[in-house]
Structure formats: C-alpha cells, structure tokens
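>>> When you get a sec, could you give me coordinates for this:
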Amino acid sequence: MALLLCAVRKPETIISHYKKRKMILVALVAELMEEYTVLLTRVLEHLFNDAPFPRRVRFLILRNLPFASSSRPPLLTAPRVN
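Got it, this is the predicted structure:
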C-alpha cells in the first residue's frame, strides 16, 4: 500500500511541474526570438549599407534597427573631466 501511495502524485506537484516546463519553453522561445532579431538586424544592416539611399536616410534606418551592432563607434562621446 505504501508503494502505491508513493507512485500517486499530489495535484500541486503536477501543477508545479507543468509550470516549470512552461517557463522553460517560454525562456527557449525568448532566446530564439532574440537570436532571430539579431540575425535579421545584421542582414538588414548589410542590405541598407549598400542600398542606393541618401546617406542621411541610410543612417536613420540603420540607427533605428533593434539590436544594432555595437561595432560602430558611438556618435557622441562623453566629455572628459580632468
């Protein structure tokens, strides 16, 4: 009888286990979406760098992309205090 009782899970345990799995799935999807966004941004940067737009228009488009690459130097630097 004791063996049978150990095999039966409490409803709270089942719900807790389900919530943990759901949270793991949400985290995985969020990670995939972040990687997809970074990849899409790189592709768009490559396309717009060679696009026949005026330089200012290209700059505005590239600046407003999410996850813009940080390889470019910042436009404004902080003033140095001596």
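>>> any idea whether Phe53 is helix, strand or coil?
Following DSSP: H, G, I helix; E, B strand; the rest coil, the label given to Phe53 is coil.
>>> check contacts around it.
Counting by Cβ atoms under 8 Å, 6 or more residues apart in numbering, Phe53 makes contact with Ile61. C-beta coordinates here come from the backbone N, C-alpha and C atoms, glycine included.
>>> 7 Å instead?
Phe53 makes no contacts at all, as judged by Cβ atoms under 7 Å, 6 or more residues apart in numbering.
>>> What pLDDT is listed against it?
Turning to Phe53, the model gives it a pLDDT of 81.
>>> which stretches of this structure form helices?
2-7, 11-49, 55-63 (DSSP state H).
>>> ends of stretch 42-58, how far apart?
14 Å (Cα to Cα, to the nearest Å).
>>> Now it: buried residues?
Leu44, Glu45, Arg58 (16 or more other Cβ atoms under 10 Å).
>>> where does the protein dip in pLDDT?
Within the chain, the segments meeting pLDDT under 70 span 1-11, 66-82.
>>> what would the buried residues of stretch 42-58 look like in a markdown table with distance to Glu12?
Below are those laid out as a markdown table (distance: Cβ to Cβ, whole Å):
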| residue | distance to Glu12 |
| --- | --- |
| Leu44 | 47 |
| Glu45 | 49 |
| Arg58 | 57 |
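>>> From the residues you listed, pick the one nearest Met33.
Using Cβ to Cβ, Leu44 comes nearest to Met33 of these, at 16.0 Å.
>>> Any figure for the gap between the closest one and Val57?
14 Å (Cβ to Cβ, to the nearest Å).
>>> Same question for Leu39.
23 Å.
>>> How about Glu31?
Distance from Glu31 to Val57, by Cβ to Cβ: 33 Å.
>>> Same check on Val43?
Taking Cβ to Cβ, one finds Val43 at 18 Å from Val57.
>>> Then Arg21?
According to Cβ to Cβ, Arg21 stands 47 Å off from Val57.
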